[in-house]
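>>> When you get a sec, could you give me coordinates for this:
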Amino acid sequence: MAPSKQSTRNDTWPANAPADYPAEWQRFREGDAEAGFEITENFERFSQHNDIFNRAWWDEKVKSEDVMAFYQSQRRPVPRRGEGFSQWDWALLNSAWSVARDFAMRGLKEGMREGFLDPFKSFLPKAETQAELPSPEDTTARIKQVAAYLGADRVGITEFDPRWVYTHRSDAGSKTRDQKPNDLPEGLTHVIVLAHEMEYSLVERYPSALAAASTGREYSREAAIVSSVASFIRAIGFEAVGTSNDTGITIPYAIKAGMGEYGRNQMVITREYGPRVRFSKIFTDLPLVCDSPRKFGVFEYCNICNVCANACPPKALPEGPPKEGGPNRSSILGVTKWTADCEKCFKFWTKMRVDCAICMRVCPYNRDYTKWPNRLMRWLMGSRFRRLALKLNARARHGKRHSPNEWWAKAGDEFRGGH
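Numbers count the residues shown, from 1 in each chain. As a prediction, this is how the structure comes out:
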């Protein structure tokens, strides 16, 4: 990718000049409307240096003793009496994360942190000759088949859109996570988005170290899966850059790839899993057929629902309609959407020493859709009867926290007896 124009954002954010909207970006306007994106003349591409996790290394407004204790708990947690924070719970959490962290650590001597700050390395070189391809439709079907076989729960395709690629990566070799170039190969045309379902029985138990294992397991799974799919594409002679949180903002790609709609809780709400999903992505030059955004009433329901905002302990989630911009430099500029206060959110995480995800747990779309009553409720929330659904969800106390200790007790019942 050619070097991007330097951002006009200056050190005294939010004072900034509107960014130029390059002519080559105009072609995304129709797709933006279909996906429900509202992008203004103030739009600026985002530097990963400004996300809240990287600011924790250089921004005095974010750095704290709690931040350091939060990161230290990934290796040396301090169990406590609160339910869901025992040694057993921490052991499950950190073991669930272990594969993702092994990937992240393997290139640290070279200043790389794969999956978080840098793309995943491929040990399979790109084949010198390209395999003969069937039609784009059949090629797309084969790629989706391969991704599903290798473990992806859902697969979507969208056009490569440089607006969501970070202007810069953060340098894992720098103590202050300094900016470094975010280089990608020339000629990329598509993004393959992979979805990874989180375990419902653990998400019900947020916030706790036990529940946070549901996030860790999917980061570990996606590291293996996205790397494998990218390796397959390289083995048939095409470019493939496998990524997770690194390289670009995943949510816009996921929405345009038909994965779901954007919710008030800052998550992609999927039909299959609600907000209970992680995403990885592959940048490629394979000739593929794009999927279309799928709408099923999430925006309209979130417009009348404040459950996640009301349940958020630090009040980091917004009420009211979507707005342009956000409360601090961790917000992307020039996009009208619901935007969290990442500083408040992350501060709460660090005090607990684990990620929170209460907003995921209480979301009315967080359901087990293998059961027909939940499929019926999904339909109701997406219909003109959505206010009735709002009342029914409140009456049922949907999203109440389940006991972490009960998860261990049920597991004991299920696996006791040597089966």
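>>> Strands of the protein, start to end?
Remark: strands of the chain, listed N- to C-terminal, are 38-39, 154-159, 168-170, 179-181, 190-197, 240-243, 261-262, 268-269, 277-284, 323-324, 335-337; assignment by DSSP state E.
>>> Which other helices and strands does the last one contact?
So the one you mean is strand 335-337. For strand 335-337, the helices and strands in contact under the criterion 3 or more C-beta pairs under 8 Å, 6 or more residues apart in numbering; DSSP states H and E are strand 38-39, strand 323-324. All C-beta spots, glycine's among them, are computed from the backbone N, C-alpha and C.
>>> Quick one, which of those gets closest to residue 75.
Within the helices and strands packed on strand 335-337, the stretch nearest residue 75 is strand 323-324; the backing value is 39.1 Å (C-beta to C-beta).
>>> Give the partner strands of that closest one in its sheet and their orientations.
Partner strands for strand 323-324, per DSSP bridges, with pairing direction: strand 335-337 (antiparallel).
>>> need the contact list for the closest residue to residue 247 other than its chain neighbours.
Excluding its sequence neighbours, the residue lying closest to residue 247 (C-beta to C-beta, 6 or more residues apart in numbering) is residue 119, at 5.6 Å. Taking C-beta atoms under 8 Å, 6 or more residues apart in numbering as the definition of contact, the neighbours of residue 119 are 241, 242, 243, 246, 247.
>>> which one of the residues you listed has the most neighbours?
Counting neighbours by other C-beta atoms under 10 Å, residue 242 comes out on top of the contacts of residue 119 with 30 neighbours.
>>> Would you mind measuring from the residue nearest to that residue when sequence neighbours are not counted to residue 47?
Spatial nearest neighbour of residue 242, chain neighbours left out: residue 230 (3.4 Å); criterion: C-beta to C-beta, 6+ apart. Applying C-beta to C-beta, to the nearest Å, the value for residue 230 to residue 47 is 24 Å.
>>> if you count what's nearby, which of those two comes out ahead?
For residue 230 versus residue 47, neighbours defined as other C-beta under 10 Å are more numerous around residue 230 (26 against 19).
>>> Make sure the more buried one is actually in contact with residue 121.
No: judged on C-beta atoms under 8 Å, residue 230 makes no contact with residue 121 at a distance of 9.7 Å.
>>> Name the residues of stretch 176-188 that come out as buried.
Of all the residues in stretch 176-188, those buried under the rule 16 or more other C-beta atoms under 10 Å are 177, 179, 180, 182, 184, 188.
>>> so what's the second one bridging to?
Read it as residue 179. Going by DSSP bridges, residue 179 is paired in beta bridges with residue 170.
>>> Please name the residues that touch it.
Listed by C-beta under 8 Å, 6+ apart, the contact partners of residue 179 are 47, 49, 168, 169, 170, 171.
>>> Highest neighbour count among those residues?
Neighbour counts for the contacts of residue 179 peak at residue 170, which has 27 neighbours (criterion: other C-beta under 10 Å).
>>> Am I right that it is in contact with residue 181?
No: under the criterion of C-beta under 8 Å, residue 170 is not in contact with residue 181, lying 11.4 Å apart.
>>> rewinding a little: which among the buried residues of stretch 176-188 gets closest to residue 341?
Distances from the buried residues of stretch 176-188 to residue 341 were compared by C-beta to C-beta; the smallest belongs to residue 177, at 20.8 Å.
>>> What are the neighbouring residues in contact with the closest one?
When contacts are counted by C-beta under 8 Å, 6+ apart, residue 177 is found next to 49, 54, 57, 58, 117, 170, 171.
>>> Angles on the backbone of it, please.
The main-chain torsion angles of residue 177 are listed as degrees, to the nearest 10 and equal phi 50, psi 50.
>>> how much space is there between it and residue 239?
27 Å.
>>> low pLDDT regions in the stretch 301-419 of the chain?
Screening the stretch 301-419 of the chain residue by residue with the criterion pLDDT under 70, one finds the ranges 412, 417-419.
>>> ranges for the helices of it?
Using DSSP state H, counting those that start in this stretch, the helices of the stretch 301-419 of the chain run over 307-311, 342-352, 358-362, 372-381, 386-395, 404-415.
>>> Turn those helices into CSV, columns for distance to residue 297 and mean neighbour count.
What follows is these, written out as CSV (distance: least, C-beta to C-beta, whole Å; neighbours: other C-beta atoms under 10 Å):
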stretch, distance to residue 297, mean neighbour count
helix 307-311, 16, 19
helix 342-352, 26, 20
helix 358-362, 18, 23
helix 372-381, 6, 16
helix 386-395, 7, 15
helix 404-415, 32, 13
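>>> All set, thanks.
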